[in-house]
Every structure is written in C-alpha cells, then in structure tokens.
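S.K.: here is my input; please provide its structure:
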Amino acid sequence: MRLHGDPFAWWMGQFFKYAMRMNKDFQKYIDDLAREMGYESPIVGVQIRRSDKLYTDAIFLDLSVYMEAVEEFYAELEMRQPVAQRRIFLATDDPSTIPELKRRYPKYHVAYSQSSIDSAHPSQRKKGSSVRYFLADVYFLSRSDFLVCGMTSNICRLAYELMQTIHPDASARLWSVDKEYVMHYVVGNVVKARFPHTPRGPREMEMRKGDLVGHQFDRNQHKNDGFQLGTNLRSKKRGFYPAYKTLEKLTVADVQSFEHIDRMNKSL
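M.R.: Coordinates of the predicted model:
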C-alpha cells in the first residue's frame, strides 16, 4: 500500500502472471504475430468491447471517447521525446471499428489481429482457436505503454492486472472509459472521502471528509467527466461524486509480525 498506486490490482496480477506463463510454442506465435502486425513501442493498447456487452452493463461509446485519451498520451510523450509513428494496438469484437479508426485517425498505425476480431462473435468465443486469439490480445494489451479500455470488461481488468507485473507501478498507465478498477465479488468496493463535496445539482451526492462511499455503476454514465456513482454509507444518499476526492479503502488482514511470532515460538 505504501509503494503502489493500486495494490489490489498488483496482488491479483501476480496470480494471473503465474497462471498465464507461456510455453515455447505460444511465445513463438506471439513473436511472429507482433512482427506481422507491426507491434512496436511506443504503442497504446485500446480495447473496445461492444456486441453482447451492450445488452448487459455497458453502453455504446463513440470512438472519439477512447481516442481522446490516446491523443493525450502521445501529446505528453512528444513533449519528452520524438515519436516517429503513433501506434495503436486494437482489440475489439466490433469489425467496423477498424475502417472507422483508419478513416478518422489516419496518422496512426493500427496493429490488430484480424483472426481475433473474426473469432470474437459470441458464437465463436469458446472454440480452441478463439481462446488462443483472446490470450494474444490480453498479452499485447498488457504490454502496451498505455491502456485505454472500460473496466466493465473482464479483458480490460485482466490486462491492467498483468501490467502491474511488468512495471514497478502501472496504476497511472490506464484510462478507463467507464468505471474504476474493481475485482468481481471482492468484499468492500468502498472508497473514503479525503475532501468534502457540496452537490452542484440534483444528481450529485454530498460528502463529508471521512465518509465511506460504496461503489456503484450506472451503465448510462461513462467516466470522462471525472464523476463516479455511489452511495454514501453515512447518509444513505445515492448520487455522483468527484472521484479525485476519494481514495480506495482496502481491507487489510490483521497479520501478526514475524518478530511477534518468533517470540511466541521461543516462549513455547
């Protein structure tokens, strides 16, 4: 917690890194695919999840919502170093995104796996070859210099968790177009207000410093305005609050120190 901006994501990433370690055949497949696509750094990983996701917990977001964060990343990078070619790695289940991206943003080189996009249809996803394409997408997303996606997607969260195992702290290498990072079914999902907030309208929620707020997600709201939906556990009021005024409240295990255990062992 003292050393990392998102310690829970780092913790989960260690398990997934071990579970997803690659054999020689898959590593060769990845290396060949990277050369074929032109996957080189600097590159921004973009995952656009649509199809059946739009019927559950996500809404359709225009391509510009994703590209706003991509453009900002490259604008900042070009102030520090020359960038010969702006690159994107795109993982999506919407084939129409490819020609749209090339037409609207022609100065970008778009790296993508056509086989992965073709296999992303719900009727194809459980085939063995589709799983291979899916794992390759996760690999390339997690190894991008910056990641733009929606945390309503399991793929987005998995790639973000794996990023934590590659960098000392990759918590600032992500822009989520919808909700904040959260692990499904984890106890808590609570943030703590570090500043008070006075509502500016009927949709916003009042907060006092120290209030605990339970995460919620409104599928009709995306995160670009910096607000999140939640319920104040003190007042029981539900509404939007500015995310920067809160910090995640982690449940920390009450583990005795090694020194204390050593003393107990010696006394026995």
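
S.K.: and the contacts of stretch 91-98?
M.R.: 45-51, 53, 63, 90, 110, 112-113, 116-118, 120-121, 137, 140-141, 155 (CB atoms under 8 Å, 6 or more residues apart in numbering). Where C-beta positions appear, they are placed from N, C-alpha and C, glycine not excepted.

S.K.: now do the buried residues in that stretch.
M.R.: Across stretch 91-98, burial judged by 16 or more other CB atoms under 10 Å covers A91, T92, D93, D94, T97.

S.K.: closest to R132 among the residues you listed?
M.R.: Nearest to R132, judged by CB to CB, of the buried residues of stretch 91-98 is A91 at 13.7 Å.

S.K.: how about the closest residue to that closest one other than its chain neighbours, what does it touch?
M.R.: Once flanking residues are discounted, A91 sits nearest to D137: 4.0 Å by CB to CB, 6 or more residues apart in numbering. Shown in contact with D137 (CB under 8 Å, 6+ apart): Q47, A91, S113, S116, I155.

S.K.: from these, which is closest to L233?
M.R.: Of all these, L233 sits closest to I155, with 30.9 Å by CB to CB.

S.K.: the stretch 1-150 of the chain: strands as residue ranges?
M.R.: Using DSSP state E, counting those that start in this stretch, the strands of the stretch 1-150 of the chain run over 44-48, 86-92, 108-111, 146-149.

S.K.: can I get these in CSV including mean pLDDT?
M.R.: Listed next are the strands of the stretch 1-150 of the chain as CSV, based on pLDDT from 0 to 100:
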stretch, mean pLDDT
strand 44-48, 95
strand 86-92, 95
strand 108-111, 95
strand 146-149, 96
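
S.K.: which one of those is the most hemmed in?
M.R.: Per-stretch averages of neighbours, counted by mean count of other CB atoms under 10 Å, single out strand 44-48 among these, with a mean of 26.

S.K.: tell me what that strand is packed against?
M.R.: helix 63-78, strand 86-92, helix 128-142, strand 146-149, helix 154-163 (3 or more CB pairs under 8 Å, 6 or more residues apart in numbering; DSSP states H and E).

S.K.: worst average pLDDT in the ones you listed?
M.R.: When those are compared by mean pLDDT, helix 128-142 comes last with a mean of 89.

S.K.: list the buried residues in that helix.
M.R.: Result for helix 128-142 [16+ other CB under 10 Å]: buried residues S130, Y133, F134, L135, A136, D137, V138, Y139, F140, L141, S142.

S.K.: which residue packs closest to S119, ignoring adjacent ones?
M.R.: S119's closest residue in space is S130 (CB to CB, 6+ apart), at 4.0 Å.

S.K.: on that earlier part again, just give me the closest of the buried residues of stretch 91-98 to C149.
M.R.: Nearest to C149 among the buried residues of stretch 91-98, with distances taken as CB to CB, is A91, at 8.3 Å.

S.K.: Y160 touches A9, doesn't it?
M.R.: Yes: between Y160 and A9 there is a contact under CB atoms under 8 Å: 6.1 Å.
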